[in-house]
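Novice: can you look at this prediction? I've put the sequence above it.
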Amino acid sequence: MGIPTEERIKINVFETVGENCCVAACDGQKVYEIITAALCENKKIELSFAEASELTPAFLNSAIGQLYGCFPVERIESSLLFTDISEEDEIILKRVIERAKTYFERAYTCRKALKDVLGGEEDA
């Protein structure tokens with residue numbers, strides 16, 4: 001039995017959103033849905049920011065940040081590659097990712113503590 005080759009898809013943010021200003025959370029949601037579908041199929045993803053001239057935290061939170069509430073950090077980091085991103089935008093992206101990791105880790109800890117206190121049933 002041979003080693004399976006990993007399928008890799010390229011998502012171009014500009015093509016997905018339809019314009020080079022990536023500022024709205026609703027546009028980020030479009031990107032998020034494509035990434036989520038690919039992660040669910042265990043695909044590797046290259047997210048290209050070619051031709052994207054403006055990125056906002058709102059867009060990136062919607063497109064990337066919420067992934068950390070659905071998938072393990074290791075899976076996201078081993079599957080998602082960012083390309084064609086300016087240094088300025090990469091700084092914003094890194095900040096969004098760090099905040100998302102912190103937020104979802106705290107949310108998990110709070111839910112677990114609440115479940116322990118209330119004696120809730122464990123997930124099956």
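Specialist: Nice, I can see it. Residues are numbered from 1 along each chain as shown.
Novice: list the buried residues of the longest helix along the chain.
Specialist: If you go by DSSP state H, the chain has its longest helix at helix 87-118. For helix 87-118, burial by neighbour count (16 or more other Cβ atoms under 10 Å) applies to 89, 92-93, 96-97, 100, 104. Glycine gets a C-beta too; all of them are placed from N, C-alpha and C.
Novice: same thing with stretch 39-55?
Specialist: Those buried within stretch 39-55 under the rule 16+ other Cβ under 10 Å are 39, 45, 47-49, 52, 55.
Novice: look up how far L118 lies from the residue most central in space within the chain.
Specialist: Against the mean C-alpha coordinate of the chain, by Cα atoms, centre = their mean, the closest residue is I64 at 2.8 Å. I64 is 33 Å from L118, where distance means Cβ to Cβ, to the nearest Å.
Novice: and the worst-scoring helix or strand of the chain on mean pLDDT, how far out from the chain middle?
Specialist: The helix or strand of the chain with the lowest confidence, counting by mean pLDDT, DSSP states H and E, is helix 87-118 at a mean of 86. Its chain's average C-alpha position is 12 Å from that of helix 87-118, according to Cα atoms, centre = their mean, to the nearest Å.
Novice: so what does that helix touch, helix or strand wise?
Specialist: For helix 87-118, the elements it packs on are strand 54-55, helix 57-63, judged by 3 or more Cβ pairs under 8 Å, 6 or more residues apart in numbering; DSSP states H and E.
Novice: strands paired with the shortest one, and their directions?
Specialist: Each strand paired with strand 54-55, and its direction, by DSSP bridges: strand 21-22 (parallel).
Novice: got a list of contacts for the strand it pairs with?
Specialist: Under the contact criterion Cβ atoms under 8 Å, 6 or more residues apart in numbering, strand 21-22 has outside partners 13-14, 28, 49, 52-56, 59, 63.
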